[in-house]
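Asks: Any chance you could fold what I've pasted below:
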Amino acid sequence: MAISETTSVSGVNIAGTLVPLSDKIVTLSVTLDRHLALSHHTSNVCRAAYFHIRALRHIRPSLTEDMAITVAVSMVQSRLDYADSLVHGHTNVKRLQSVQNSAARVAWKDNHQLSSGNLLHKLHWLPVQSRIEFKIACITTKYSPPASLHT
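Replies: Below you'll find the predicted structure:
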């Protein structure tokens with residue numbers, strides 16, 4: 001007999017105690033909702049990254065360009081890179097790309113004439129989607145050194 005109705009589950013009974021279901025869960029700093037959508041995670045990453053971009057903007061006049069780029073990479077780019085392969089193929093990549101573009105504009109002093117793509121190229125930063133694809137390729141491809149290194 002097939003059940004045609006969907007039943008609503010309010011929780012899980014564990015040892016006689018009803019444990020309620022949660023709308024979202026955070027594990028290893030990745031926020032997942034009950035539909036496995038990553039919009040909450042992306043919002044958290046963007047919020048944290050924009051916080052650091054604003055802080056960098058305040059101290060930017062007293063930093064050299066190299067120092068500003070180093071701070072942007074360590075405080076912003078590292079947040080964008082953490083668990084970014086989870087958002088591969090999602091529309092959330094566009095939001096992360098906006099964060100990266102903002103970090104690049106703050107880090108690079110003379111950015112008024114450059115498009116975001118040219119600015120990323122000058123900084124030698126791959127766009128977010130390309131970074132994700134590169135990471136996935138590195139993880140899934142077995143590295144084999146050239147034969148000349150075996151001698």
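
Asks: can we go C-alpha only for contacts and neighbour counts from here?
Replies: Noted.

Asks: As a check, name the ranges of all strands in this protein.
Replies: 11-14, 17-20, 24-27, 30-33 (DSSP state E).

Asks: any chance of these in TSV, with distance to Lys122 and mean neighbour count too?
Replies: As requested, the strands of the chain are exported to TSV (distance: least, CA to CA, whole Å; neighbours: other CA atoms under 10 Å):
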stretch	distance to Lys122	mean neighbour count
strand 11-14	52	10
strand 17-20	51	11
strand 24-27	36	12
strand 30-33	31	17
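
Asks: Indicate which one of these is closest to Arg57.
Replies: Closest to Arg57 of the strands of the chain, according to CA to CA: strand 30-33, at 26.9 Å.

Asks: what helices or strands is that closest one leaning on?
Replies: Using 3 or more CA pairs under 8 Å, 6 or more residues apart in numbering; DSSP states H and E, the elements in contact with strand 30-33 are strand 24-27, helix 39-59.

Asks: So, low pLDDT: which residues of this protein?
Replies: Where the chain drops to pLDDT under 70, the residues are 1-9, 111, 143-151.

Asks: Just confirm Ile69 contacts Ala107, I think it does.
Replies: Yes: using CA atoms under 8 Å, Ile69 makes contact with Ala107 at a distance of 5.1 Å.

Asks: Looking at these two, which one has more neighbours?
Replies: Set Ile69 next to Ala107 and count neighbours by other CA atoms under 10 Å: Ala107 wins out with 26 against 21.

Asks: hang on, the more buried one packs against Arg60?
Replies: Yes: using CA under 8 Å, Ala107 is in contact with Arg60, at 7.5 Å.

Asks: anything in contact with each of the two?
Replies: Counting by CA atoms under 8 Å, 6 or more residues apart in numbering, the contacts common to Ala107 and Arg60 are Ala68.

Asks: Report the separation between Ala55 and Asn101.
Replies: As for Ala55, its distance to Asn101 is 16 Å (criterion: CA to CA, to the nearest Å).

Asks: Of the two, give the one with the bigger neighbour count.
Replies: Set side by side, Ala55 and Asn101 show more neighbours around Asn101, with 19 against 11, by other CA under 10 Å.

Asks: re the thing from before, of all the strands of the chain, which lies closest to Cys138?
Replies: Cys138 lies closest to strand 30-33 among those, at 21.3 Å (CA to CA).
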